[in-house]
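Student: Predicted model, plus sequence, below.
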Amino acid sequence: MLQAIRDRAQGWIAWAIVLLISVPFALWGIQEYLGIGGEPVVAKVGGRDISQRELDENFQRYKMAQRERLGAAYNASMVDDVKVRGQVLDAMIRSDVILQAGIGKGMRAGDNLIRQTIAGMQKFQSGGRFDREAYEQNLRLQGLSPSAFEQQVRSAIVSEQISSGIQGSSFLTARDLGELQRLQGQKRELSYLVFPDKDFRPAQPPSEEDISAYYRAHPKDFTAPEQVKLAYLDLDAKQLAATAQVSDDELKSYFEEHRDEFVTPEQRRARHILIPLAENANAEAVAAAEKKATEVEARLKAGESFESLAKALSGDPGSAARGGDLGWFERGVMDPAFENAVFSMKPDQVSEPIRTHFGLHIIQLVGVRPGGKADLAAVRDKVEASVRASKGEHLFYDDSERLANVSYEHPDSLEPAAKALGLKIQTSDWIGRSGGPGPLSNPKVTAAAFSDDVLVQRYNSEPIELGQEHVLVLRVVDHQDAHVKPLDAVRSEIAETLAQQRGAEQARKAGEAVLARLRGGAAIDAEATAVGRKLNRPGLVGRDATDVPPAVLADAFKLSKPAAGKTSYGEASLSGGDFAVVAVSRVQDGAVQSGEAARQEPEVLAAARARADGIFRSYVDYAKSQTKIEITAKPR
């Protein structure tokens, strides 16, 4: 609004308008003046309100965390924003309920504990110590203030006190342990028939009437979301550094000022003869390896060439062909035991057998390159990289300020800013609220793109901080509302869906007919032959079998234990519409063991955690039932 006043008013008229709106703003605040009141509230939990802003911030942080966790596998277009917002709100309500329950029971987290917890977080540390700059920068990237983050940590600590207290009280009895071992270690004799949907698809493609009817009945399946096309300027210190001009004089000057930073480490060159020996080898294998090493030592002392013996006897295929030569290396590269031996030897010295997790090594030191301060020629690439990084950083801070100023002064175009900074205006394809490729995947970008100022007013965005020394300014160049795709665009997709559905339906009918005959006493081998299907016989399998379709395995372990000489039959729906008939002819229970070692087995620990989690969930459900919770707005 102030931008519009500045653009359209001049002289005493503008000053009069500013004066008129400044007085009520000062007396009552802009929210009261506009009739907005407080922030929109989406939920009330006990005595606390959850605002729309809090929900938005947590939703964006969730998406950022998912993107970091999944990396290239993250697909923003597959995220149902409305559904995920609902899940995030549920988690926020749950967190508030737990926190209020803990406070009600007198649980607290003091300021000292908060400081110690934050200082101990690895992402806020540099060189093993708390780095305030890294802390504040990390919070800025998340859109958090230090006080807001400290409150989150306080809440998490109180919640953990409740969780650990309840979960720590859970345990498995001896009977529970035995039953768990019996079931977890159970194996089942399995066979199954698969009826693929493709074998049962109709010969004729779906009719136009059927395709049109499906299209009309499932409009949501073919709805394209609201989308925008963007133009943007991307300012990144790394790109500035890569294109920065660096002169020889600058390199020399930087090198002289930072000479102590550029040193060459001591390097050594060695040969070795490896006698392979497993890390957990038994005494007999160790004795055999030591005997072989003694024989090699004797041959070396008798005058045989180290190089020829390495070629003939070394168990390291990578170096044996080179006479055991490992080339030049510095500290921090080799196994510590091997490295310590090499860096304590003198040239041409041969070591005693050295044990590593690879086996026994007999080592010969071939040469030494002393470390020390380097000359410019030896470290030119490193010096140039440092100079470029420094230049890129300085250019970025100058250019980012100019980018902010020029894009604000010319809010209806990116051309002036692009010309002033020598940047290329980049454009996007259609992207939705879930983001686009590269820098456009950042939630801050989509939040700006769909904001009123950028989407409705068509102004340039403010500079968006994407990371350390990386900002972006964007504007919307085209926009389309959510719409149902035309039938012609999805006709082939619908035809494939209908064919798959009909094939799956017929596959199920064929499988169920066989299943009925099996339950009536027919033999599965004969049925497989009669219907022309291969009978898969994986045999006795456990719950973790990897060569059986998961749905078949799950059904097999749900079937009742067959009587002696009998078979239990079931069914499973496989991915893509395939159908399977499942047969279990024998069940072998797992062995039952007692003692503390048995309780430390991964499966037992997982079961104990699952029981504890169940008890904790029950407590949370009870706490929610005792807390007044009101959803005041649908998550959007």
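Tutor: Ah, there it is.

Student: Flag every buried residue along stretch 403-413.
Tutor: 403-404, 406-407, 411 (16 or more other C-beta atoms under 10 Å). Using the backbone N, CA and C atoms, a C-beta is placed for each residue, glycine as well.

Student: And those, which two are furthest apart?
Tutor: L403 and P411 (13.2 Å; C-beta to C-beta).

Student: doesn't Y135 fall inside a strand?
Tutor: No: counting by DSSP: H, G, I helix; E, B strand; the rest coil, Y135 is not part of a strand but helix.

Student: Report how many residues lie close to it.
Tutor: With neighbours defined by other C-beta atoms under 10 Å, the count for Y135 comes to 19.

Student: The one 4 residues further on too?
Tutor: L139 is surrounded by 16 other residues when neighbours are defined as other C-beta under 10 Å.

Student: so what pLDDT did it get?
Tutor: On the pLDDT scale, L139 is placed at 79.

Student: same question, G303
Tutor: 93.

Student: How about the contacts made by V473?
Tutor: By C-beta atoms under 8 Å, 6 or more residues apart in numbering, the residues touching V473 are 232-233, 235, 403-404, 407, 414, 417, 460-464.

Student: Now do the phi/psi pair for the residue nearest to Q480 when sequence neighbours are not counted.
Tutor: With sequence-adjacent residues excluded and distances taken as C-beta to C-beta, 6 or more residues apart in numbering, Q480 is closest to Q227, at 5.5 Å. Backbone torsions of Q227, given as degrees, to the nearest 10, read phi -140, psi 160.

Student: ok, and what's touching stretch 322-331?
Tutor: So stretch 322-331 is contacted by 265-273, 306-308, 310-311, 314, 316, 319, 334, 339, 343, 364, 366-367, 369, 371 (C-beta under 8 Å, 6+ apart).

Student: Please compute how far that stretch lies from its chain's middle.
Tutor: Stretch 322-331 sits 38 Å away from the centroid of its parent chain (C-alpha atoms, centre = their mean, to the nearest Å).

Student: List the buried residues for that stretch?
Tutor: 323-326.

Student: end-to-end on that stretch?
Tutor: 22 Å (C-alpha to C-alpha, to the nearest Å).

Student: Where does pLDDT dip in this protein?
Tutor: Scanning the chain for pLDDT under 70 picks out 1-38, 67-80, 127, 141-143, 166-174, 176-178, 180, 594-609, 635-636.

Student: Hmm, M345 is touching I362, no?
Tutor: No: using C-beta atoms under 8 Å, M345 is not in contact with I362, being 11.9 Å away.

Student: and for those two, which residues touch both?
Tutor: Joint contacts of M345 and I362 (C-beta under 8 Å, 6+ apart) are S351.

Student: Who has more neighbours out of these two?
Tutor: I362 (24 against 17).

Student: Backbone dihedrals for the spatially closest residue to the more buried one that is not a sequence neighbour, both of them.
Tutor: Leaving out its chain neighbours, the residue that sits closest to I362 by C-beta to C-beta, 6+ apart is I273, at 4.6 Å. Note on I273: its backbone torsions stand at phi -120, psi 120 [degrees, to the nearest 10].

Student: swap in I363?
Tutor: phi -120, psi 140.

Student: so what are the domain limits for this protein?
Tutor: Domain assignment for the chain by automatic domain parsing gives 1-36, 186-221+488-588, 226-242+397-481, 266-370.

Student: Excluding covalently adjacent residues, which one is nearest to T223?
Tutor: V484 (5.3 Å).

Student: Going along the chain, name the strands of the stretch 451-600 of the chain.
Tutor: 464-467, 470-480, 483-484, 535-541, 568-573, 579-588 (DSSP state E, counting those that start in this stretch).

Student: tell me which residues in the last one are buried?
Tutor: The reference is to strand 579-588. Buried-residue list, strand 579-588, by 16+ other C-beta under 10 Å: 579-587.

Student: The fifth one now?
Tutor: Under the neighbour-count criterion of 16+ other C-beta under 10 Å, strand 568-573 has 568-572 buried.

Student: hmm, back to that, which ones among the contacts of stretch 322-331 map onto strands?
Tutor: Counting by DSSP state E, these place 267-273, 364, 366-367, 369 in strands.

Student: residues touching V476, list them.
Tutor: 228-230, 449, 454-455, 458.

Student: circling back: of the buried residues of stretch 403-413, closest to G422?
Tutor: Of the buried residues of stretch 403-413, the one sitting nearest to G422 (C-beta to C-beta) turns out to be L403, at 11.2 Å.

Student: So that closest one belongs to a helix, correct?
Tutor: Yes: the assignment for L403 is a helix, going by three-state DSSP.

Student: isn't it right up against D236?
Tutor: No: taking C-beta under 8 Å as the definition, L403 is not a contact partner of D236, at 11.6 Å.

Student: sorry, back to before: need the contacts of V473 in a markdown table with distance to I162, can you?
Tutor: What follows is those, written out as a markdown table (distance: C-beta to C-beta, whole Å):
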| residue | distance to I162 |
| --- | --- |
| Y232 | 46 |
| L233 | 49 |
| L235 | 46 |
| L403 | 48 |
| A404 | 46 |
| S407 | 49 |
| L414 | 52 |
| A417 | 52 |
| N460 | 48 |
| S461 | 42 |
| E462 | 41 |
| P463 | 42 |
| I464 | 39 |
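
Student: Most neighbours among those, which one?
Tutor: Most surrounded of those: other C-beta under 10 Å gives N460, at 28 neighbours.

Student: element containing D621?
Tutor: Using DSSP states H and E, D621 sits in helix 602-625.

Student: Show me what whichever helix or strand comes after that helix pairs with in its sheet, parallel or antiparallel.
Tutor: Sequence-wise, the next helix or strand downstream of helix 602-625 (DSSP H and E) is strand 629-631. Strands that pair with strand 629-631, judged by DSSP bridges, come out as strand 41-45 (antiparallel).

Student: So Y62 sits against V88, correct?
Tutor: Yes: counting by C-beta under 8 Å, V88 is a contact partner of Y62 at 5.5 Å.

Student: Just want to know which of these two has more residues nearby.
Tutor: Neighbours per residue (other C-beta under 10 Å) separate Y62 from V88, with V88 holding more: 21 against 17.

Student: Now do whichever strand or helix holds that one against strand 41-45, angle only.
Tutor: Following DSSP H and E, one finds V88 within helix 81-104. In terms of direction (axes from the mean of the first three to the mean of the last three C-alpha atoms, to 10 degrees), helix 81-104 departs from strand 41-45 by 30 degrees.

Student: got the buried residues for helix 81-104?
Tutor: Result for helix 81-104 [16+ other C-beta under 10 Å]: buried residues 81, 84-86, 88-89, 92-102.

Student: Who are the packing partners of it?
Tutor: Secondary-structure packing of helix 81-104 (3 or more C-beta pairs under 8 Å, 6 or more residues apart in numbering; DSSP states H and E): strand 41-45, strand 48-51, helix 52-70, helix 146-167, helix 602-625, strand 629-631.

Student: Go ahead and confirm R508 touches V581.
Tutor: No: between R508 and V581 there is no contact under C-beta under 8 Å: 10.5 Å.
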